[in-house]
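Undergrad: Mind looking at a prediction? Sequence and model below.
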Amino acid sequence: MKLRLLTAGESHGAAILAILDGLPAGLAVDAAMIDRELMRRQTGLGSGARMKIEQDRVEILGGIMEGKTIGAPLALLIWNKDFAKWRGKYIPAFTVPRPGHADLSGAVKYGFSDLRLVLERASARETAARVAAGAVCKILLEEFGIQVAGYVRSIGPVNADYENIPLEERVKLAESNPVRCPDASAAEKMSALIQKTIRDKDTLGGVIEVVAINVPPGLGTYAQWDQRLEARLGAALLSVPAIKGVEIGPAFENAHMLGTRVHDGMRVRNGRVIRQGNRAGGIEGGISNGEPIVMRAAMKPIATTLKPQQSVDLASGMEVETHYERSDFCPVIRAVPILEAMVALVLADALTVKLGGDSLMEMKQAFERLRKTTLDDLKMEGASKLFWPTKEPEDRGDKRVGGEG
């Protein structure tokens, strides 16, 4: 691991801070691009009242001079506007844990009598720092033609149907509606369901798909269990609050099929080795294989509900109902840029490990050498031509659109 991200700050504290260490020198960082990603995190149907208060903007405190990274840790600060309403005020102890939240388990672990000490850090407010750092990782990946993007696959029982839409088009269509779904018909049904759920004082979960396009082969390794690419990506996605399940490619569907129907056969088309599908999700043996990386993450309905749930007051020992703490009704849409950020972080790190170098220039030189020599060592003619990903659909020789076989 070369890139390391640390975050600090609480939900109602003064600010959220991200420190991203290990970036190469010479990377031009656009603060406006980071702010756009932060805005994406704040928008989406089903968002709670907090998003009407905050207007997240990044302040770059260190690691950049004259607009470019200098090889030092990058410090990114996001102020909490809501902090002013809490500063200096008495806040009563929070003693009724919410089912499904970290309240009780966190209090047991750290010995807290006031559950607010748990929820302040366990809150998804911390993910603003991840999105800021992830935006920088996206900038790095874009220098090598790699794009990371996401969209909503399902909300509650409503499922999108976009199997015949190419990945790049899905990404564009998703940003055209308030639920970030490429399927316009499903998007309307999702919107109606969210509105009904708000009226019913309940919450909704769903499934998010994140894709990485133009990823070169060779990122990750099977040499150690914790360095397998799918293991690192899975851990990164599962670290996001409320994410409870992850699959690479159509993994759960694959589990019900015969091996001869699951694995992606190979052919030669126009002098290029292509796969007949991408049911592996772009990763084989812990290593990227040059196909688009396709992941799905299942997000449970958020634990904080306006409608009370059964709980226990830890101060009195009496059975009581939960008190409402401000939250989203459907966090799925807002989670899309958060998951994108985590994927970008892992891939940016894997790329820096693969290429080495202390500067962007050195990384690009290594990247070009890799394109030319990756398979020459195997004495195979036309190495980079055969195996590196291409943007030209006609070179693929099939009708595959990315995530499915």
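TA: Ah, there it is.
Undergrad: hey, let's count contacts and neighbours off CA atoms from now on
TA: Fine.
Undergrad: where does the stretch 151-300 of the chain dip in pLDDT?
TA: Across the stretch 151-300 of the chain, the ranges flagged by pLDDT under 70 are 271.
Undergrad: SS state for residue 168?
TA: Here residue 168 is helix, with the state taken from DSSP: H, G, I helix; E, B strand; the rest coil.
Undergrad: backbone phi and psi for the closest residue to residue 312 other than its chain neighbours, please?
TA: Using C-alpha to C-alpha, 6 or more residues apart in numbering and skipping the chain neighbours, the partner closest in space to residue 312 is residue 319 (4.4 Å). Dihedral angles of residue 319 (phi, psi; degrees, to the nearest 10) stand at phi -70, psi 130.
Undergrad: Likewise for residue 164?
TA: The phi/psi pair for residue 164 (degrees, to the nearest 10) is phi -100, psi 10.
Undergrad: Likewise for residue 220?
TA: According to degrees, to the nearest 10, residue 220 has phi 90, psi -180.
Undergrad: for the one 4 residues further on, same thing?
TA: Listed backbone geometry of residue 224 is phi -140, psi 140, with angles given as degrees, to the nearest 10.
Undergrad: Can you give me the neighbour number for it?
TA: Residues contacting residue 224 under the criterion other C-alpha atoms under 10 Å number 9.
Undergrad: mind checking how far the residue nearest to residue 312 is from residue 106?
TA: According to C-alpha to C-alpha, to the nearest Å, residue 319 and residue 106 sit 20 Å apart.
Undergrad: quick one, which of the two is more surrounded?
TA: Remark: of residue 319 and residue 106, residue 106 carries more neighbours, 16 against 12, as counted by other C-alpha under 10 Å.
Undergrad: Let me see the ranges of the strands in the stretch 51-200 of the chain.
TA: 58-62, 64-65, 68-69, 74-79, 147-155, 158-159 (DSSP state E, counting those that start in this stretch).
Undergrad: Let's have those in JSON lines, adding distance to residue 13.
TA: Listed next are the strands of the stretch 51-200 of the chain as JSON lines, based on distance: least, C-alpha to C-alpha, whole Å:
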{"stretch": "strand 58-62", "distance to residue 13": "16"}
{"stretch": "strand 64-65", "distance to residue 13": "26"}
{"stretch": "strand 68-69", "distance to residue 13": "28"}
{"stretch": "strand 74-79", "distance to residue 13": "9"}
{"stretch": "strand 147-155", "distance to residue 13": "30"}
{"stretch": "strand 158-159", "distance to residue 13": "37"}
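Undergrad: Relative to residue 216, which of these is closest?
TA: strand 147-155 (11.5 Å; C-alpha to C-alpha).
Undergrad: Pairing partners for that closest one, with directions?
TA: Using DSSP bridges, the strands paired with strand 147-155 are strand 158-159 (antiparallel), strand 206-213 (antiparallel).
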